[in-house]
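Engineer: Just a sequence and a predicted model for now, questions to come.
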Amino acid sequence: MSSHMGLFLGQGITSMQLDLRATDSPVHRIASRMALHRLGPTITKLDIRGLELLKYPARRLPWYRLQHLSIVRVTVETIPLLATLPRLETLFLEKMEGIVYDDAESNLNFTREALPAGCYFPNLKHLEGESCRFGDIGYILRYIPATTPLETIRWKQLSTTHRADVEGFVQLVARHCNPTSLTSVKLKGFDLSIFGGPDDWDNTEPARLDLNLLSAFQNLERVDLSCPPGLTIEPEFLAAIPHSWPKLKTLVLCPSIVNPSPPLLIDHTHVTQLVRQLSHLQVLGLRFDATKITAEEREQTEFETPSPKLHTLRLGNSPIESRARVTAFLKANFPALEVLERELAPTGSGWQTVRVDLMKY
C-alpha cells in the first residue's frame, strides 16, 4: 500500500501526519517522501515523527505555506533549516538530539552575531518543546531576531532542575526575544520528587530568584515557572512585579517539592498587595507564610474593594497554623476564589480543611 500512497492523497490536502523510521522498508520511505514532496506547496500543518523523514525533505521540499510544525525527535543541525520556513507560526519540538554537554555553561553562549546573514523565523509566534536542559532552547532562540513576533514559550526540562537552569533560560529569553510581542512564558521541570538538593540552597544564604532581566517585557500576561525549592522570592522582587508586568493574568512561582525548602520571606500581606496592584490577575501560585494572620485582621480586607478576578490560588507547601483565620482571610480578600490547589502541601497541613470550607460558600 505504501507504494500507492499518492493515490489516496488529494490535491487539496493541507494537514498531514507522517511517521518514518530507519527500520521502515525502502519502498515506504520513498513513497512517503514523494507524497510529501508533491503536497509540500499546499501543506499548512505538518506532524513529523522519526528522524528519517527530516533527513530528506528539510532542504528539498517547498514548504512555503507551512504554518504549524510538530516534530518528534529533532537534531540541532536541523534547526537552521526550519528557521528559514517563511510562514511558520507554531513550532513544537520534542526530544532535541545531538547536543553535547561538555561545558555546563555552553548552552548560554548563543549570539546572533555568529549567524550567517539571512531571514530566520520571520513569523514565529508560538514555540514549545522539551529537552534535557532549559538552556537547550538557545539552539532555537539564536535564530530569532528582535523583529520576530514570538508570543508564547512553553518548555519542559527532562532532567533534574537546578537554579542555574532557570537563570540560564531567563538570560536566553532576555537576549533573544522581542519584549513587545512576548506575552507568555511557561517552564516545567521533570521529576518533581527529586528536584533540588544540598548544592541548590543554603539556610543562611538562600538563592534569590532574579527575573529583573525580563522587566522590559511589559506585555507578559503569563509567567509560570517550575522553580527548584532553593529559589527564594524576596518582597522587593514581588513589589516590582506590577510595574514590570502590569498585564499579568497568571503568575506561578511555586517551588517544586515539599522539602527541603528555604526560609519564607513572603507572607499574606505581600500577597494581598500584589493582587491589589495586578488588576488582571486570575491565577496566582506562590508559597507564602500564612501563620502570621492574626485574629484581628483575619476578616479585614487589604483592598478598598476585594479582588474580583483572582479565581485560582496555588499554595505549594505554604505553612499554616489557624485554619479558621486563613479561611476568613481568603474569603474577605478573594471572594471570586474557586480553586485552591494544594498538591504540594503535606498531608494534614490544614489546607484541605480550608479548601473544603471555602467551597461551602
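Structural biologist: Thanks, I have it. Keep in mind that this is a model prediction, so the values were computed, not measured.

Engineer: Only C-alpha atoms, please: export stretch 159-179 in CSV.
Structural biologist: C-alpha atoms of stretch 159-179 as CSV (Å, rounded to 0.1, in the frame of the first residue of the first chain):
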residue,chain,number,x,y,z
SER,A,159,16.2,16.2,33.9
THR,A,160,16.6,17.5,37.5
THR,A,161,16.1,21.2,37.5
HIS,A,162,18.6,23.5,39.3
ARG,A,163,18.8,27.2,39.9
ALA,A,164,21.3,27.6,37.0
ASP,A,165,18.8,26.1,34.6
VAL,A,166,16.2,28.7,35.4
GLU,A,167,18.7,31.5,35.4
GLY,A,168,20.1,30.4,32.0
PHE,A,169,16.7,30.2,30.5
VAL,A,170,15.9,33.8,31.6
GLN,A,171,19.1,35.1,30.2
LEU,A,172,18.4,33.5,26.8
VAL,A,173,14.8,34.9,26.7
ALA,A,174,16.0,38.4,27.6
ARG,A,175,18.8,38.2,25.0
HIS,A,176,16.8,36.9,22.0
CYS,A,177,13.1,37.6,22.4
ASN,A,178,11.0,40.5,21.4
PRO,A,179,9.9,42.4,24.6
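
Engineer: For that stretch, give the mean pLDDT please.
Structural biologist: Throughout stretch 159-179, pLDDT has a mean value of 86.

Engineer: next one: stretch 245-254
Structural biologist: When pLDDT is averaged over stretch 245-254, the result is 92.

Engineer: Would you mark the buried spots in it?
Structural biologist: By neighbour count on 16 or more other C-beta atoms under 10 Å, the buried set for stretch 245-254 is W245, L248, K249, T250, L251, V252, L253, C254. Using the backbone N, CA and C atoms, a C-beta is placed for each residue, glycine as well.

Engineer: Can you redo those as a markdown table, where the extra columns are distance to R65?
Structural biologist: A markdown table is the format used below for these (distance: C-beta to C-beta, whole Å):
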| residue | distance to R65 |
| --- | --- |
| W245 | 35 |
| L248 | 35 |
| K249 | 33 |
| T250 | 33 |
| L251 | 37 |
| V252 | 36 |
| L253 | 40 |
| C254 | 41 |
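
Engineer: Name the nearest of these relative to A332.
Structural biologist: Of all the buried residues of stretch 245-254, A332 sits closest to L251, with 21.1 Å by C-beta to C-beta.

Engineer: Show me the strands paired with the helix or strand hosting the closest one, marking each as parallel or antiparallel.
Structural biologist: Assigned by DSSP states H and E, L251 belongs to strand 250-252. According to DSSP bridges, strand 250-252 forms sheet pairs with strand 222-224 (parallel), strand 283-285 (parallel).

Engineer: Please report phi then psi for I30.
Structural biologist: Main-chain dihedrals, I30, degrees, to the nearest 10: phi -70, psi -40.

Engineer: how many other residues sit next to it?
Structural biologist: 14 (other C-beta atoms under 10 Å).
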